[in-house]
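[1] Give me coordinates for this.
(chains A and B)
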Amino acid sequence: MNWLSDEAISRLQAASALPDFAGTRYRLVERVGSGGMGVVYLGEDTVLRRRVALKILDFPDASGELAARLLREAHILARLEHPGIVPVHDAGTLADGRVFYAMKFVEGRRLDHLDAGKDTLFDRLRIFQRICDTVAFAHARGVLHRDLKPENVMVGSFGEVLVMDWGVAKILGSNPENHSAGPRDENAAPAGDPSLAATLETAHGAVLGTIGYMSPEQARGEIENLDARSDVFSMGAILQYLLMNLVVIPARPLSAIARKAMATDREGRYISAIAMGQDIACYLDGRPVSAYPENTLRKIARWAFRYRVAIVLVLTYLVVRALLLLWFRR
Amino acid sequence: MAHDTEIGGISGKFPATQWSAVRAARSHDPGEQRRALETIIAAYWKPIYKYIRIRWGKPVEDAKDLTQEFFARLIEKEYLADFDPSKARLRTFLRVCADHFVANEAKAANRLKRGGGAQHISLDFPLAESELTRANVSLTAAASPQRIDDFLETEFLRSLFGLAVEELRMFCESHGKKTHFRLFELYDLEDGGPQRPSYADLAAQFKVAVTDVTNYLAFARREFRRIALSKLREMTASEEEFRREARALLGVESE
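    Modelled structure (predicted):
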């Protein structure tokens, strides 16, 4: 047997790691990152001549469990057609046995790479509203994300906001107690769909998610108790993250919204992502926020802030009028 | 090309997937156990020999004897019955066993008796020794506690890849794909430095199109990956351990 030098070993390691796209319409360009279940490569669709992101299960999986999970992620994404969710173009198995799916290649930056100097509070809240809309849509289709965090949100070059990495998503069951998921869409993933329901089959006690962003019930592995309010907890943690490192100190109502979303007892949280998004909209419009009870003084202050332009104009008019009166009486 | 040892499973006599030598080594079926030990020895004898040379600074002849006897005892004394895959990797376990074995041998100082009565395993020590020389390993530097683990890991990988390359060669020969293997050998295995041939050079040399070189190399690499992973699977006891090892050794996936 030939002796293998260190250089040859490195080349063989690289040959083992790179996916083989021979026989497909895709050409590998470069590796761009890794997600929960696989590695993401930038590729080129040689037929349509466009760039695509290729997510590949990049470690061997004899049981087929991980491959099935990756394909289910593709199936879930295919059902969730929304501007805030990256569209899937294709899915399949490579010649070397690795499972992959192709999706739109999103250029932009992750939410955890926001620029504290450039991204104002207003910018951040607008981004957060888009996240609320996307998550609410997924909930309406009966899908929980279960791993919402800044690293899984992309802000595109043209302002688009995309919620990524649905690898540990859960299909909500038909349990009537899941009312808090919000109104179910008529196109919702059916609870009995065997191709998707397997995602549900996460054993009690199995913890999926990210510490710091997952709800207490999720951290305890109470899979059967998860509902939309678990994602709401994660969104509260994201909001809290967005309120950090700002040039201005965030207003109390915003902190109150984050606190309410992250209540330890899920009964104390927003009932849905829609409700949370509505509170953010209220704050942006200068209207009362449900998470922040106001006394009369605070109501007046908020009212004054909301109509500050009109108030300044009226006051300016009154002052000028008074000055003119004084001038002519002299 | 001759095998460097008479033992080991490079002829495809085991199923390519799912079969675990680590699990089979603890089987009650003597035949199954024997084959499993042969597989483990084929992958580990060189790393262990080199480890004894480097870590313990043993001269060539002593290292040969110690390696022979270590694996003979591995077979006879059923060391692997004590191996718990949930607590350690196989190579870590073997390294600890080797350390105890060599230390005890030194204490007993019964070198003359070593090997007496133990079964003989045919191992190509001159080849292993020449590999150490070619690698230009600094014995003192590699023996440092910080580097010895890396050294053993690299040597295991070298041994595993060596077996996989050999099996790939046999596979290509038996399937009429000698050119595929030869291209793989020239482009991926040989050290050419700046003179490393390009795809165009290889196409001219083998009188094929450049696209054929690309396709042949893709085939050989794909088969190499398949074989290397099946070898690695044989050396692990569980699916989880297999995935972990595939990440650590083959670089598949990261972070």
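
[2] Could you use CA atoms for every contact and neighbour count after this?
    Fine.

[3] What separation is there between the closest residue to A:Ser290 other than its chain neighbours and chain B?
    Nearest in space to A:Ser290, with sequence neighbours left out and distances taken as Cα to Cα, 6 or more residues apart in numbering or on different chains, is A:Asp279 at 6.5 Å. Separation of A:Asp279 from chain B (Cα to the nearest Cα, to the nearest Å) stands at 37 Å.

[4] okay, now A:Asp279: neighbour count?
    23 (other Cα atoms under 10 Å in any protein chain shown).

[5] what about it, which helix or strand?
    helix A:273-285 (DSSP states H and E).

[6] And that helix, what's buried?
    A:273-281, A:283-284 (16 or more other Cα atoms under 10 Å in any protein chain shown).

[7] which one among these gets closest to B:Cys97?
    For the buried residues of helix A:273-285, the minimum distance to B:Cys97 (Cα to Cα) is 57.2 Å, reached by A:Ala273.

[8] thought that closest one was touching A:Val232?
    Yes - contact criterion Cα atoms under 8 Å: A:Ala273 and A:Val232 qualify, at 5.9 Å.

[9] hey, what's A:Arg50 bridged with?
    Beta-bridge pairing of A:Arg50, defined through DSSP bridges, involves A:Asp45.

[10] What count of nearby residues applies to it?
    When neighbours are counted by other Cα under 10 Å, A:Arg50 comes out with 12.

[11] Please tell me I have it right and it contacts A:Arg27.
    No - taking Cα under 8 Å as the contact criterion, A:Arg50 and A:Arg27 are not neighbours in contact, 10.6 Å apart.

[12] Mind listing the shared neighbours of these two?
    Here A:Arg50 and A:Arg27 have A:Glu44 as joint contacts, going by Cα atoms under 8 Å, 6 or more residues apart in numbering or on different chains.

[13] The residue of the stretch 151-300 of chain A found nearest chain B: neighbouring residues, count only.
    Closest to chain B within the stretch 151-300 of chain A is A:Glu151: 14.0 Å, counting by Cα to the nearest Cα. Applying other Cα under 10 Å, we find 17 residues neighbouring A:Glu151.

[14] Figure out how far stretch A:287-302 is from the centre of its chain.
    Relative to its chain's centre, stretch A:287-302 lies at 29 Å (Cα atoms, centre = their mean, to the nearest Å).

[15] Pull the residues that contact that stretch.
    For stretch A:287-302, using Cα under 8 Å, 6+ apart, the contacting residues are A:252-253, A:256-257, A:260, A:279-280, A:282-283, A:286, A:306.

[16] can you redo the residues you listed as JSON lines with distance to B:Thr133 and pLDDT?
    What follows is those, written out as JSON lines (distance: Cα to Cα, whole Å; pLDDT from 0 to 100):
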{"residue": "A:Arg252", "distance to B:Thr133": "70", "pLDDT": "86"}
{"residue": "A:Pro253", "distance to B:Thr133": "71", "pLDDT": "89"}
{"residue": "A:Ala256", "distance to B:Thr133": "69", "pLDDT": "93"}
{"residue": "A:Ile257", "distance to B:Thr133": "68", "pLDDT": "95"}
{"residue": "A:Lys260", "distance to B:Thr133": "67", "pLDDT": "95"}
{"residue": "A:Asp279", "distance to B:Thr133": "72", "pLDDT": "94"}
{"residue": "A:Ile280", "distance to B:Thr133": "69", "pLDDT": "95"}
{"residue": "A:Cys282", "distance to B:Thr133": "75", "pLDDT": "92"}
{"residue": "A:Tyr283", "distance to B:Thr133": "73", "pLDDT": "91"}
{"residue": "A:Gly286", "distance to B:Thr133": "77", "pLDDT": "84"}
{"residue": "A:Arg306", "distance to B:Thr133": "80", "pLDDT": "80"}
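
[17] would you turn those into a markdown table with distance to A:Leu323?
    Converted to a markdown table, the contacts of stretch A:287-302 look like this (distance: Cα to Cα, whole Å):
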| residue | distance to A:Leu323 |
| --- | --- |
| A:Arg252 | 39 |
| A:Pro253 | 39 |
| A:Ala256 | 44 |
| A:Ile257 | 45 |
| A:Lys260 | 49 |
| A:Asp279 | 43 |
| A:Ile280 | 42 |
| A:Cys282 | 38 |
| A:Tyr283 | 37 |
| A:Gly286 | 33 |
| A:Arg306 | 27 |
